[in-house]
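After the sequence you'll find the predicted model.
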Amino acid sequence: MKIDRRSFLSFVIGGAAGTALSPLPWKLTDDSAIWTQAWPWTPVPTDGEASYVNSICSLCPGGCGITARKIDNRVVKIEGMKGHPVNDGGICVLGLSGTQLLYGPMRVKAPLKKVNGRFRQISWDAAIAEISNKLGELRSKGESNKFACISGTDRGTVSELLSRFLTVYGSANFTRTPSIQDSYELTLHLMQGVQGITGFDVENADFVLSFGSGIIDGWGSPVRMFKANSSWKNAGGKVVQIEPRLSNTAAKSDKWIPINPGTEGALALGLANVIIKESIYNTSFVNNYSAGFDKWKRHILDGYSPEIVTKVTGIDKAVIVSLARDFAGSKKPLAICGRGQGRTPGSLKEFMAVHALNALVGNINKKGGVWNLPEPDYINWTELKMDSVASTGIQKGRVDGAGIEKYLHARYLLNRLPEIINSADVSPIEVLFVSESNPGYTMPDTSSVKKAFEKIPFVVSFSSYMDETAQMADFILPNHIYLERYEDVPVATGFQKPIIGLSKPVVDPQFNTKYTGDVIIHLAKSMGGFIADAFPWENYEACLKETLGDRWDKLVENGYWIEPEFTAPGWKEGFQTASTRFEFTSDDINSLSRYAPVKPEGDKASFDLVLIPYDSMRLAGGFIGDPPFVIKTVEDTVLKGKDILVEINPATAGKLGLSEGRYAKLTTPKGSAKVKVHLFDGIMPGIVAMPSGLGHTAYDKFLAGKGININQLIGPVEDSSSGHDAAWGINAKLVKA
Amino acid sequence: MKQEKAKKYGMAIDLDKCTGCGSCMVACMAENNVPFREDESDKLLSIAWMRVYKLTNGKPFPDTEICYFPRPCMHCEGDHGHSPCVSVCPATATDYSTETGIVSQIYTRCFGCRYCMAACPYHVRLFNWWDPVWPDGMEKSLSPNVSVRMRGVVEKCSFCFHRYQLATDRAHFEDRKELEEDEYQTACTQACPAGAITFGDLNNPKHAVSQMVKPDHKHGGKPKNPKAFRLLERLGTNPKVYYLSSREWVRRSGDNYLKNEAK
């Protein structure tokens, strides 16, 4: 056959067309994809039987129900529990990342002892024996009061075991980490004469006036608040947010009213002024169920006219007047406070001013109002028998001064502890237990906290995670994490009904960890005498089962126990003050003295700006740090590489010669840090806002070393009425770097 | 199992309710074995099938407003039956299902040319520049229902297609032809604590999602609800993700307009 031009071209074109029409090219691309991508090191998750386990999340005090999805013995997903009264199927970013906390590199995998500055593994028996010896030694010296404990909560069996251990040992130094719970408890105590829990019937409120509370930034039980927020949108409820920065809560509210930071209490009193002057308060409540109104009224009318309050708060007079009218004119108005997620107790007078607003509109213990819940009463252990060492130790009182003299009403004052320890020649605390809390990160003025910890000779951490406090400890006795243990969760923060949750082991403990409850019981048994007698249980699970009694079976089945029919005590029975009425004033703290906004630390001459922290759902600022998934969701206007971005108003930036993304040096009286600048219109000029939850030095490589911990830059400011930390910010300076 | 009638699964996101908390993002990552790296602050490289954007109205203090904007894959249908990504894929690694209305992504077929990423107007497609690595022991958290992606392939939101498969399997086992509305829900819908996401069949007038947005099927599913809008509506991609907002500036930010153009 002769090959000419024509036949050659036919052959080539025909061949090409034929190949293209054949499956060959597609098969080849497909195969090349398979050959070059099916790497043996890409994990192939093993299949197995799927099952679901209901439990309770205790990563924050919100008390949400969770459902863990398991494949054989692995937890592959955490979801919100459908039908749970608090969160009904919803779940937050942290709750969703539970599997990462379970299997992640931040876990402490075995008991550790620090030897020459480095952690070495130690057996449980040896660790408990060493701690028991140390405690025995201290006690035999008659210094039992030098033993202290910091716990994330004072409710529930684990913290009861810890405080019982301290008491029978001979120390009054059991301490809870601070939060707005402290201030709300005091408010209820002084104004209503009750010792109880504050519940907010938010779902039924139709006008929510929030003095900086991060309703959708993690205040209260976060998921429940999200749901309430959506229900207000459906039902036409209104939210007014008062704070200097356009937070997510402010952005989602019906009205955002920027205010000079720290002056929220003055605004509350200004609103009371208008409500009283215009006689639009609830007369039936005020006339029949309150006391001290006339005295308080004079004080308010004299000192808090809108003209005066305008000057303090920077809010227009007309806005104050119309806000007061809207609030008092609503069917079910509710005023709440506690800035952001409520991790700082704040000014007691501010809380009382806001609570007085609730009283003025008569929504205390009413539908849509603030409720008073009884403390959980299921822990009824046998009366303690104490020896003379113990009673002498208890009589020596608390190191932090809570409960006496100036601090009569405070129960715990952890904020005072670092300074007390640092200013003493020898630390007044020799042995410290730390449970379910991370004061080394969460307490203001980190460097002084660190110094205080270094001064305490013997620190024992029960943390499941390698957090900042655990790093500073001499022993780490890791607890099982919430997915591996039984534990009662006695309250859901801010929930309006008594509810008890039960965390259940979703999987077996993954590492060589032990119940903190078991460690305490073992320690007590090894110390003998009345101490051992106070802990008659074989182990923690037996103790928990016995304590919960009849409720146990239902708790195991449902995950929670609720008193569905609970309603708050009425106005007649609800107040246990001397007058049996609601008290607008309290002589105990001299509440009629002039309200003065809490002053931030630092002089205005050298620090011309004000630094405030802000909270976000995507940055866990408490005991637990962000797991990898959560830190991944943080926006690049908050964290870029290892740099934290602070927010300032473009006008402020212009004055300082700063532009978007520029490095700057942020200095406060407590320290300084290199930050990047993010220009944000939603912030008052003159203010610098920094996210809390960054700047960890512990946990894992996904979290550590990113950004700055705002607690390094802010120090505590003692509230003159309560002794609690009332700092809401600090004076600061920002210069180009 | 083939269901009786063709489905058009879609989503409505109520931006008035969305709080920007990020639960949808993490629920998605946990559900779909999405990997994570030490630094995830370069958002062009960070793999998140669902991403929540923060919009502002651009006005100075104190008139500033923020709106959070969750963005999964839009599962475009396209005016001529072509999703932008599907028509450019040389490896048939992505396809539009007329049975469910879902745009699929078959990882083992993808050879990483990233044409689809260039074609997608919504930036929903993400490329695996690195091998996924889980710290020791953390592979235990991986779900067997979703395959782990390898370096060199593109991935994106699948509307949790494996959940659809599980639900249809169950229905088949129980000898049913149709799925109930709550039987197939995406992980983000299920997790959203604000209840801002609604998912269901746009072809089924009984499903909440179609009642909310009232899709006009004669015009590519354009929403009849005046509060509802779709991203870049005028491109003609006919997304199956709808947004609802009571704020005019938010609705307007869903598309590009000339300076003085009336909507």
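In hand now; what should we look at? Numbers count the residues shown, from 1 in each chain, chains lettered A, B, ... in the order given.

List the contacts of residue A:264.
A:211, A:212, A:242, A:243, A:313, A:337, A:350, A:354 (CB atoms under 8 Å, 6 or more residues apart in numbering or on different chains). Using the backbone N, CA and C atoms, a C-beta is placed for each residue, glycine as well.

at 6 Å instead, please
Residue A:264 makes contact with A:211, A:212, A:350 under the criterion CB atoms under 6 Å, 6 or more residues apart in numbering or on different chains.

Apart from its chain neighbours, what residue comes closest to it?
Excluding the flanking residues, the one nearest residue A:264 by CB to CB, 6 or more residues apart in numbering or on different chains is residue A:211, at 4.2 Å.

coming back round to it: mind listing which of the contacts of residue A:264 are in strands?
A:211, A:212 (DSSP state E).

my guess is residue A:190 contacts residue A:586, does it?
Yes: counting by CB atoms under 6 Å, residue A:190 touches residue A:586, with 4.3 Å between them.

By neighbour count, which of the contacts of residue A:264 wins?
With neighbours taken as other CB atoms under 10 Å in any protein chain shown, the top of these is residue A:350, carrying 31 neighbours.

Residue 261: neighbouring residues, count only.
Picked chain A for this. 25.

wait, I meant chain B there
Count around residue B:261 with other CB under 10 Å applied: 8.

Now name the helix or strand holding it.
For residue B:261, there is no enclosing helix or strand under DSSP states H and E.

can you give me the strands in the stretch 451-600 of chain A?
For the stretch 451-600 of chain A, the strands defined by DSSP state E, counting those that start in this stretch cover A:458-461, A:475-476, A:487-489, A:499-503, A:560-562, A:582-583.

Doesn't residue A:119 lie inside a strand?
Yes: assigned with DSSP: H, G, I helix; E, B strand; the rest coil, residue A:119 falls within a strand.

Need the pLDDT of residue 72.
Assuming you mean chain A. Note for residue A:72: predicted pLDDT of 96.

Wait, chain B was what I had in mind.
Per-residue confidence at residue B:72 stands at 98 (pLDDT).

Distance check, it against chain A.
Applying CB to the nearest CB, to the nearest Å, the value for residue B:72 to chain A is 14 Å.

so where's chain B shaky on pLDDT?
Across chain B, the ranges flagged by pLDDT under 70 are B:1-4, B:81, B:262-263.

Closest residue of it to chain A?
The minimum distance from chain B to chain A, using CB to the nearest CB, falls at residue B:193 (3.3 Å).

List the residues that contact that residue.
A:90, A:223, A:226, B:23.

who's in contact with the second one?
It stands for residue A:223. Residue A:223 sits next to A:64, A:87, A:90, A:92, B:193 when contact means CB under 6 Å, 6+ apart.

Residue of chain A closest to chain B, please.
Nearest to chain B, among the residues of chain A, is residue A:90, at 3.3 Å (CB to the nearest CB).

Can you tell me how far that residue is from residue B:194?
Going from residue A:90 to residue B:194 by CB to CB, to the nearest Å gives 8 Å.

Residues in contact with the lowest-mean-pLDDT helix or strand in chain A: which ones?
Lowest on mean pLDDT, DSSP states H and E among the helices and strands of chain A sits helix A:24-37, with a mean of 77. Under the contact criterion CB under 6 Å, 6+ apart, helix A:24-37 has outside partners B:91, B:108, B:109, B:111, B:150, B:152.

Put together a markdown table for these, with secondary structure and distance to residue A:99 on each row.
Shown next, in a markdown table, are those (DSSP: H, G, I helix; E, B strand; the rest coil; distance: CB to CB, whole Å):
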| residue | secondary structure | distance to residue A:99 |
| --- | --- | --- |
| B:91 | coil | 33 |
| B:108 | coil | 26 |
| B:109 | coil | 29 |
| B:111 | coil | 32 |
| B:150 | coil | 22 |
| B:152 | coil | 27 |
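
Just give me the closest of the residues you listed to residue A:158.
Distance to residue A:158, by CB to CB, is smallest for residue B:150 among these, at 44.2 Å.

For residue A:83, see how far away that closest one is.
From residue B:150 over to residue A:83 (counting by CB to CB), the distance is 39 Å.

before we move on, what about residue A:126?
Distance from residue A:126 to residue A:83, by CB to CB: 46 Å.

quick one, what contacts residue 52?
You didn't pick a chain, so chain A it is. A:67, A:69.

I was thinking of chain B, sorry if that wasn't clear
B:20, B:68, B:70.

Spatially, what comes nearest to residue 142 if we skip its sequence neighbours?
All of this refers to chain A. residue A:389 (6.7 Å).

ah, no, chain B please
Nearest residue to residue B:142 in three dimensions, chain neighbours excluded: residue A:45, at 3.9 Å (CB to CB, 6+ apart).

just to revisit the earlier point, any chance of a markdown table for the strands of the stretch 451-600 of chain A, columns distance to chain B and mean neighbour count?
Formatted as a markdown table, those follow (distance: least, CB to the nearest CB, whole Å; neighbours: other CB atoms under 10 Å in any protein chain shown):
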| stretch | distance to chain B | mean neighbour count |
| --- | --- | --- |
| strand A:458-461 | 22 | 24 |
| strand A:475-476 | 19 | 25 |
| strand A:487-489 | 18 | 25 |
| strand A:499-503 | 17 | 24 |
| strand A:560-562 | 18 | 21 |
| strand A:582-583 | 34 | 25 |
